[in-house]
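Asks: Sharing a model that was predicted from the sequence below.
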Number of protein chains: 6
Amino acid sequence: MADAWLTTLITTTPQEGFELAIKLARMGVKYTQPSAEVRDKLRKDYAEDAEDLIASSQVIAINFQTVAAANGYWK
Amino acid sequence: MADAWLTTLITTTPQEGFELAIKLARMGVKYTQPSAEVRDKLRKDYAEDAEDLIASSQVIAINFQTVAAANGYWK
Amino acid sequence: MADAWLTTLITTTPQEGFELAIKLARMGVKYTQPSAEVRDKLRKDYAEDAEDLIASSQVIAINFQTVAAANGYWK
Amino acid sequence: MADAWLTTLITTTPQEGFELAIKLARMGVKYTQPSAEVRDKLRKDYAEDAEDLIASSQVIAINFQTVAAANGYWK
Amino acid sequence: MADAWLTTLITTTPQEGFELAIKLARMGVKYTQPSAEVRDKLRKDYAEDAEDLIASSQVIAINFQTVAAANGYWK
Amino acid sequence: MADAWLTTLITTTPQEGFELAIKLARMGVKYTQPSAEVRDKLRKDYAEDAEDLIASSQVIAINFQTVAAANGYWK
């Protein structure tokens, strides 16, 4: 993946950090399945499946731990 | 998501921190499935499914790790 | 949830800390499914399901990480 | 649970620490399903199920993180 | 595995760190299933399965925690 | 388990640390299912199952966090 999409883990607010965690979760999927077409098709499934949504939230939570630590918890 | 919903990880008590962890878990779902109508429909399913409830508690636990660390464990 | 059920993460012994971790795991379920009647019904299922028991133990383990760190590992 | 089964997280060696992590994983199950009879019956199932064994190893790994940190990684 | 494939956890940028986390996730699979032929066959399945993609992203997230900590979060 | 199989978490290189993490993951399985015969039979299943391979990689990742921290990330 040639594009620079992650140059820093530092964000101004916790909310931006949470949104960065979401981006990290999505990039983890994108590197594994590079086809936007396939991902879009799958999104319809998992976005209406409770277990998949909970699992998605879990990946975000793990990435948010990393981003929050990087930012000294925005204290 | 334009609204500011997360301006700090600091809470007065551990219990408020736990409740913030629940909010983070729910926001992880909300960003993935923005439709309140779909989420409400799914809630009926996962709230009566033991595995989904355990998985939900796990996402809360991961987020609580972050919030607790941010608050120096309220010591 | 109006009641104060979590005022500190500090416990006297590691065992009390482990039991607090169990309480945190259960509260994560309770906030998601507030009905005691529904939870009691589900308990019969997951308490006799190996995968659910392992998953429950995992949530306890994650919460115990938090409680143990809060207590400086009772050293 | 009246018995004192966890008075310290400190162990002499990493291996004893790993075995303590196993005990913590099992106690997480035991608190959720107190009946030894039911647990013995379930053990036959999960001990011959690849996914359950991997999940068990994961709970041990999470608890080992806690025990290892408590012991300063036995350095 | 005789080849040296991991000589350092240090990377120049967070993005390179994320890509190292992906490599670690793949190596975890490779050590368990050394056959490239079998892995290629399986990839077709999991790359089009939403749950598998989310699980893959989770393993990357866990490894990224390690790499990010090793790099002092590139601050 | 009488044999001493884990006397230190310290390794010379990150790669040896990763391989130790794999050993920890396997020992977690071995303590739960001591029969080599049963484990060998199960290995054929999970080594050709994408979800099981991803789950195995996750347990390795969690153990690698512990080993990497023990080694100060080999810096």
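Replies: Yep, that arrived.
Asks: where do the helices sit along chain A?
Replies: Assigned by DSSP state H, chain A shows helices spanning A:14-32, A:36-46, A:50-70.
Asks: right, so the ones you listed: which one is the most enclosed?
Replies: Among those, ranked by average contacts under mean count of other Cβ atoms under 10 Å in any protein chain shown, first place goes to helix A:50-70 (a mean of 25). Yep, even glycine has a C-beta here, placed from its N, CA and C like the rest.
Asks: Which strands or helices does it pack on?
Replies: Contacting helix A:50-70 under the criterion 3 or more Cβ pairs under 8 Å, 6 or more residues apart in numbering or on different chains; DSSP states H and E are the following elements: helix A:14-32, helix A:36-46, helix B:14-32, helix B:36-46, helix B:50-70, helix E:50-70.
Asks: Not counting sequence-adjacent ones, nearest residue to the residue in chain A positioned nearest to chain F?
Replies: Going by Cβ to the nearest Cβ, chain F is nearest to A:T32 of chain A, at 9.8 Å. Of all residues beyond its chain neighbours, the one nearest A:T32 is E:S56 (4.6 Å), with distances taken as Cβ to Cβ, 6 or more residues apart in numbering or on different chains.
Asks: rank the helices of chain A by pLDDT, which is bottom?
Replies: Mean pLDDT is lowest for helix A:36-46 among the helices of chain A, at a mean of 93.
Asks: Please give me every residue in contact with whichever residue of chain A sits closest to chain D.
Replies: Here the residue of chain A nearest chain D is A:I62; by Cβ to the nearest Cβ that distance is 12.5 Å. A:I62 makes contact with B:62, E:58, E:61-62, E:65, according to Cβ atoms under 8 Å, 6 or more residues apart in numbering or on different chains.
Asks: Also A:I54?
Replies: By Cβ under 8 Å, 6+ apart, the neighbours of A:I54 are B:29, B:46, B:52, B:55-56, B:59.
Asks: what do you get for A:A4?
Replies: Going by Cβ under 8 Å, 6+ apart, A:A4 touches E:13, E:15.
Asks: Likewise for A:D45?
Replies: Taking Cβ under 8 Å, 6+ apart, we find A:D45 in contact with A:52, E:50.
Asks: mind running it again at 10 Å?
Replies: Counting by Cβ atoms under 10 Å, 6 or more residues apart in numbering or on different chains, A:D45 touches A:52, E:49-51.
Asks: what's the answer for A:Y73, then?
Replies: With Cβ under 10 Å, 6+ apart, A:Y73 has these contacts: A:14, A:17, B:8-10, B:66-67, B:69-72.
Asks: one more time with 6 Å, if that's ok
Replies: A:Y73 is in contact with B:9, B:70, counting by Cβ atoms under 6 Å, 6 or more residues apart in numbering or on different chains.
Asks: Can you give me the separation between it and C:L9?
Replies: A:Y73 sits at a distance of 16 Å from C:L9 (criterion: Cβ to Cβ, to the nearest Å).
Asks: now A:A21
Replies: 24 Å.
Asks: ok so, going back, want to throw the helices and strands packed on helix A:50-70 into CSV with distance to E:D40?
Replies: As requested, the helices and strands packed on helix A:50-70 are arranged in CSV below (distance: least, Cβ to Cβ, whole Å):
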stretch, distance to E:D40
helix A:14-32, 14
helix A:36-46, 17
helix B:14-32, 30
helix B:36-46, 35
helix B:50-70, 31
helix E:50-70, 15
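Asks: Not counting its neighbours along the chain, what's nearest A:I10?
Replies: With sequence-adjacent residues excluded and distances taken as Cβ to Cβ, 6+ apart, A:I10 is closest to A:N71, at 5.9 Å.
Asks: Can you get me a residue count around that neighbour?
Replies: Using other Cβ atoms under 10 Å in any protein chain shown, A:N71 is surrounded by 22 other residues.
Asks: try A:P34
Replies: A:P34 has 11 nearby residues by other Cβ under 10 Å.
Asks: In chain A, what residue lies closest to chain C?
Replies: Proximity of chain A to chain C (Cβ to the nearest Cβ) peaks at A:I54, 9.8 Å away.
Asks: Which residue does chain A have closest to chain E?
Replies: Nearest residue of chain A to chain E (Cβ to the nearest Cβ) works out as A:G28 at 3.0 Å.
Asks: can you tell me how far that residue sits from C:T32?
Replies: In terms of Cβ to Cβ, A:G28 sits 25 Å off from C:T32.
Asks: same deal with A:K44?
Replies: Distance check for A:K44 against C:T32: by Cβ to Cβ, it reads 25 Å.
Asks: Please apply the same query to A:K75.
Replies: Taken as Cβ to Cβ, the span from A:K75 to C:T32 is 29 Å.
Asks: Same question for A:I10.
Replies: 33 Å.
Asks: How many neighbouring residues does A:T13 have?
Replies: Residues lying near A:T13 (other Cβ under 10 Å) number 14.
Asks: er, A:W74 actually
Replies: Close neighbours of A:W74, defined as other Cβ under 10 Å, add up to 20.
Asks: How about it, nearest residue that isn't a chain neighbour?
Replies: Nearest residue to A:W74, sequence neighbours excluded (Cβ to Cβ, 6+ apart): A:P14, at 5.0 Å.
Asks: and the one you found, what is it in contact with?
Replies: Contact partners of A:P14, counting by Cβ under 6 Å, 6+ apart, are A:74, B:6, B:9.
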